[in-house]
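S.K.: No letters, just coordinates:
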């Protein structure tokens, strides 16, 4: 699945902040799913972005559209994982627009035994 540049940039900011805090993408889902229902609601996602101090620097609607693939109003773990996997390597057009440059997300591996 291909996402807009705004969505990719917003998701990258979320990954960058999580990485600086040594939070894996999987644990980020768990942190967002406050009620432990197995799904993340819009309100829970907004709260997560507030906790990460990203509310004013990312486009919530673009992030939500990228995450909520089936437009159910909730994001399942499968949708979450699929979204972050799909944009883990973004293709950014180069200045000559005839070739592409691949940009890898900077996700640090966890060195703690209790973090996957």
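M.R.: Yes, it's here. All of these numbers come straight from a predicted model, not from anything done at the bench.

S.K.: Show me which positions of the lengthiest helix in the chain end up buried.
M.R.: Ranked by residue count under DSSP state H, the longest helix found in the chain is helix 5-20. Residues 7-15, 17-18 are the ones in helix 5-20 that count as buried (16 or more other Cβ atoms under 10 Å). (Glycine included, C-beta is placed from N, CA and C.)

S.K.: From residue 52, how far off is residue 5?
M.R.: 21 Å (Cβ to Cβ, to the nearest Å).

S.K.: what does residue 38 give?
M.R.: Relative to residue 52, and taking Cβ to Cβ, residue 38 is found at 21 Å.

S.K.: Over to residue 30?
M.R.: From residue 30 to residue 52 the distance is 14 Å (Cβ to Cβ).

S.K.: wait, doesn't residue 42 sit right on residue 67?
M.R.: No. Using Cβ atoms under 8 Å, residue 42 is not in contact with residue 67; the gap is 9.9 Å.

S.K.: quick one: low-confidence parts of the protein?
M.R.: 1-2, 87-116 (pLDDT under 70).

S.K.: No further queries at this time; thank you.
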